[in-house]
Each structure stands twice: as structure tokens, then as C-alpha cells.
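In: Curious how this folds, go ahead:
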Amino acid sequence: QVQLVESGGRLVQPGGSLRLSCVASGSILNINRMGWYRQAPGKQRELVASSTTASNTNYTDSVKGRFTISRDNTKNAVYLQMNSLKPEDTAVYYCNAYAFTLYPKSEWLELWGQGTLVTVSS
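Out: Next up, the predicted model:
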């Protein structure tokens, strides 16, 4: 079974930092794109950051200069370093990957993690 498992969400004070982690497991042959989305209460899910290669990254405007996405392809992992956190960053953060899986059948799949809650509050 292919799955994404996130970790790292917790309560943090404004101005603080957090590092989210996500690892893909299962019969994965290749991962094209990995990224992070978030969904705040009463709002739609939005893209936070995505990465196809180490030099090809994309960020939503509100996190540019504060968040950094990185990948470890040897571990099928993606990370989100979040600095200078603001209350408006409070949301459930979801890991996303576009991966080629081998079982139960060979195909490209859009994968989602279960989400990890980040709360920025004093």
C-alpha cells in the first residue's frame, strides 16, 4: 500500500519555526512532484510549496522568504522548513506527491497524506 505520512505539526508561537516532514512508502518507482498544501478553517485548500527538482520549486506569495521546501529522493521524503511563522499560517498541512507506483498496478497516482496540524498562537 502506497502512502504518505506527515509529521512535525504542533503549537508554536508567532515568529517561531517548525519543520514538517513527509515520507512516501510502498511500491513507488519514481516521484515526479512533491509538495505541501494547507487548509485553514473555513477556507479552501491551497498550495504552499512544490518541488520537481532541487532547483525547480514554487511557493505561494504569502510564504516566500519564510518557508523552504526540500527533498531527499533517497528516502522519498519532502520537508517544509517554516520560519517567522504567523497566526495566518495556522492550518492543517497536507503532503502531496505525484508518483509512479508498481502495485497493485503500474500507474501514476496523485497521493495525499492525512494532514498535520500547525497552530501559530501566543
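In: what lines up beside the host helix or strand of Met34 in the sheet?
Out: For Met34, the element it lies in under DSSP states H and E is strand 28-39. Strand 28-39 pairs in its sheet with strand 46-53 (antiparallel), strand 91-101 (antiparallel), by DSSP bridges.
In: Can you say which of the ones you listed is packed in most?
Out: Highest mean neighbour count of the strands paired with strand 28-39: strand 91-101, a mean of 20 (counted as mean count of other C-beta atoms under 10 Å). Where C-beta positions appear, they are placed from N, C-alpha and C, glycine not excepted.
In: I'd like the distance between the residue nearest to the spatial centre of the chain and Val48.
Out: Among the residues of the chain, Trp36 comes closest to the average C-alpha position under C-alpha atoms, centre = their mean, at 2.8 Å. Separation of Trp36 from Val48 (C-beta to C-beta, to the nearest Å): 4 Å.
In: shared neighbours, the two?
Out: Counting by C-beta atoms under 8 Å, 6 or more residues apart in numbering, the common neighbours of Trp36 and Val48 are 80, 93.
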